[in-house]
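Colleague: this one's sequence-less:
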């Protein structure tokens, strides 16, 4: 079974500041890990994913995340926030084999102030 | 290439009425998912189809909910009778095939049951 914990339902940053959204996972099998972004009144869009290989993955819009197995973490970062980054971000986990059901975290709303 | 298409985008109905939500997956995708998003429960997987066959419907809340996939390009989620607690955003997502990792989400249907 898999589960995801996202620390902080809301994160506020200033434009130009570092963005750090935290995600910890639990998985009984090797995990696939994902970050999705949801803009208001829209569906979820894939930001980035980790499946195998390099543990530092780069996604769209300047975001990246690092898979740390020892810490069971997959935190999302961006060096410099932009106003357009304001959205809700979801971390998700699935097993690497079998059904591969996606289990989502509760989401973190990113607020960016001028 | 068109993404996942959902209709209607918004639905307002009265308690007791039948509601049908529709989804057209991305052409060539063989796996289809229905999710429900609420403030209280976050994103929940309702049902998953692979090659038009329901594989896991353990997330369907109760017998009032039913889902069908008569062919590879169309799926419905029906609620009969609807209740106010069914108010949520319902997302459809599709994936190329079982064993691949990325799900592509539609824009969602916002359902309000009065």
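Modeller: Received, thanks. The structure presented is a predicted model; accordingly, all values stated were derived computationally and were not measured.

Colleague: Where does the prediction get shaky in chain A?
Modeller: Where chain A drops to pLDDT under 70, the residues are A:96-100.

Colleague: For stretch A:36-55, buried residues please.
Modeller: Residues of stretch A:36-55 classed as buried: A:36, A:37, A:38, A:43, A:44, A:45, A:46, A:47, A:48, A:49, A:50, A:51 (neighbour count, 16 or more other CB atoms under 10 Å in any protein chain shown). From N, CA and C alone the C-beta is placed, and that goes for glycine too.

Colleague: Please, where are all the strands along chain B?
Modeller: All strands of chain B, identified by DSSP state E, fall at B:5-7, B:10-13, B:19-24, B:31-38, B:42-50, B:53-56, B:65-71, B:74-79, B:88-95, B:104-105, B:109-113.

Colleague: Mean pLDDT for the ones you listed - can I get that in JSON lines?
Modeller: JSON lines is the format used below for those (pLDDT from 0 to 100):
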{"stretch": "strand B:5-7", "mean pLDDT": "96"}
{"stretch": "strand B:10-13", "mean pLDDT": "96"}
{"stretch": "strand B:19-24", "mean pLDDT": "98"}
{"stretch": "strand B:31-38", "mean pLDDT": "94"}
{"stretch": "strand B:42-50", "mean pLDDT": "92"}
{"stretch": "strand B:53-56", "mean pLDDT": "91"}
{"stretch": "strand B:65-71", "mean pLDDT": "96"}
{"stretch": "strand B:74-79", "mean pLDDT": "97"}
{"stretch": "strand B:88-95", "mean pLDDT": "95"}
{"stretch": "strand B:104-105", "mean pLDDT": "92"}
{"stretch": "strand B:109-113", "mean pLDDT": "96"}
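
Colleague: Including distance to residue A:90 and mean neighbour count, could those go into TSV?
Modeller: TSV is the format used below for the strands of chain B (distance: least, CB to CB, whole Å; neighbours: other CB atoms under 10 Å in any protein chain shown):
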stretch	distance to residue A:90	mean neighbour count
strand B:5-7	18	17
strand B:10-13	22	15
strand B:19-24	20	19
strand B:31-38	10	23
strand B:42-50	7	20
strand B:53-56	20	13
strand B:65-71	22	15
strand B:74-79	21	19
strand B:88-95	11	23
strand B:104-105	10	20
strand B:109-113	18	18
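
Colleague: List just the one of these that sits closest to residue A:70.
Modeller: strand B:42-50 (27.2 Å; CB to CB).

Colleague: Identify the residues contacting that closest one?
Modeller: A:90, A:99, A:101-107, B:30-38, B:54-57, B:59-61, B:65, B:67, B:69, B:75, B:77, B:90-91, B:97-98 (CB atoms under 8 Å, 6 or more residues apart in numbering or on different chains).

Colleague: near chain A, which residues of chain B show up?
Modeller: Within chain B, the positions near chain A by CB under 8 Å from any CB of the partner chain are B:4, B:33, B:42-43, B:45, B:48, B:55-56, B:91, B:93, B:98-99, B:101-108, B:110.
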